[in-house]
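K.L.:
My questions are about this predicted structure, shown below with the sequence.
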Amino acid sequence: MKNYNYSKSSAFSIIEVLIWIFIFTMWLLSVYMLLQSSFNMNEDNKNRIVAANLAREWIELVRNIRDSNYKNIHKFNQINPKYSSNDAEDYSKWENIFQTWVYYKVWNNFNWWVSEFPIKLEKISNFWEGVADLEKMDNYRLCLDTENKYSYCDDNFTKKTNFYRYIKFDDLTYDSGWLNVTETDSYTLDSKVLWYAKWLHELDIKTILTDYKKL
């Protein structure tokens, strides 16, 4: 009779297999979370860059209005630099100048046939702000037009974005030691952009707008 010698071969037990599967799964999950975090960070950085550029653009548009006012009517705070009147007091009427504590939309009208001043400043008559009011904020929501330019949503827009934009003028005040004094011929200009991505983000840039020719 022949004797057969069986060699002992090592094998993984079920518990060892489960442990290796668990370790591999955790490694895959860690890689996925790292990639997801990187994608989210890139998206957030992109949105912040776009928001900062949109906010700065509006500040430059308002400065353009001020400088055009100097050229056309020798004033600095009129909404439409091409507006003229024979009545000297009519220039300073409330509806014709920058108003404090009022929210505005500003945009550049690129239509070449428009005879009025191309930069438009329009009051936001129904202002809302907050996650619960996103639908009510549509009146100052930005869209992409047919040329992929950011503009307020109208008949020419092709895509709604998650960005909302407005400006606000405030009084420029300083503490004299006894009371707050309001500077004349000066404003604090707040250009603000909000966007919704999982939650509501905001970025605002503030600057001082003055009648520098009187300084």
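P.N.:
Here it is on my side, so go on.

K.L.:
hey, C-alpha coordinates of stretch 124-139 in PDB?
P.N.:
Extracted in PDB, the C-alpha atoms of stretch 124-139 (Å, rounded to 0.1, in the frame of the first residue of the first chain):
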ATOM      1  CA  ILE A 124     -35.300  96.900  -5.600                       C
ATOM      2  CA  SER A 125     -38.800  97.500  -4.600                       C
ATOM      3  CA  ASN A 126     -39.500  94.200  -2.900                       C
ATOM      4  CA  PHE A 127     -36.300  93.200  -1.100                       C
ATOM      5  CA  TRP A 128     -35.800  89.900   0.700                       C
ATOM      6  CA  GLU A 129     -32.800  88.100   1.900                       C
ATOM      7  CA  GLY A 130     -32.400  84.600   3.500                       C
ATOM      8  CA  VAL A 131     -32.600  80.900   2.700                       C
ATOM      9  CA  ALA A 132     -36.300  80.900   3.300                       C
ATOM     10  CA  ASP A 133     -36.800  83.700   0.800                       C
ATOM     11  CA  LEU A 134     -34.800  82.400  -2.200                       C
ATOM     12  CA  GLU A 135     -37.900  82.600  -4.500                       C
ATOM     13  CA  LYS A 136     -38.600  86.100  -3.400                       C
ATOM     14  CA  MET A 137     -35.000  87.100  -4.100                       C
ATOM     15  CA  ASP A 138     -35.500  86.300  -7.800                       C
ATOM     16  CA  ASN A 139     -36.000  90.000  -8.600                       C
END
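
K.L.:
What residues of it count as buried?
P.N.:
Buried positions in stretch 124-139, judged by neighbour count with 16 or more other CB atoms under 10 Å: 124, 127-129, 134, 137. Where you see a C-beta, it was placed from the backbone N, CA and C, and this is true even at glycine.

K.L.:
Check stretch 156-169 too.
P.N.:
So stretch 156-169, judged by 16+ other CB under 10 Å, has buried residues 157, 161, 163-169.

K.L.:
In helices, which of the residues you listed fall?
P.N.:
Among the buried residues of stretch 156-169, no residue falls in helices (DSSP state H).

K.L.:
With pLDDT and distance to residue 17 as extra columns, can I get these in CSV?
P.N.:
Converted to CSV, the buried residues of stretch 156-169 look like this (pLDDT from 0 to 100; distance: CB to CB, whole Å):
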residue, pLDDT, distance to residue 17
157, 79, 57
161, 93, 50
163, 96, 51
164, 96, 54
165, 95, 57
166, 96, 60
167, 95, 64
168, 95, 64
169, 94, 69
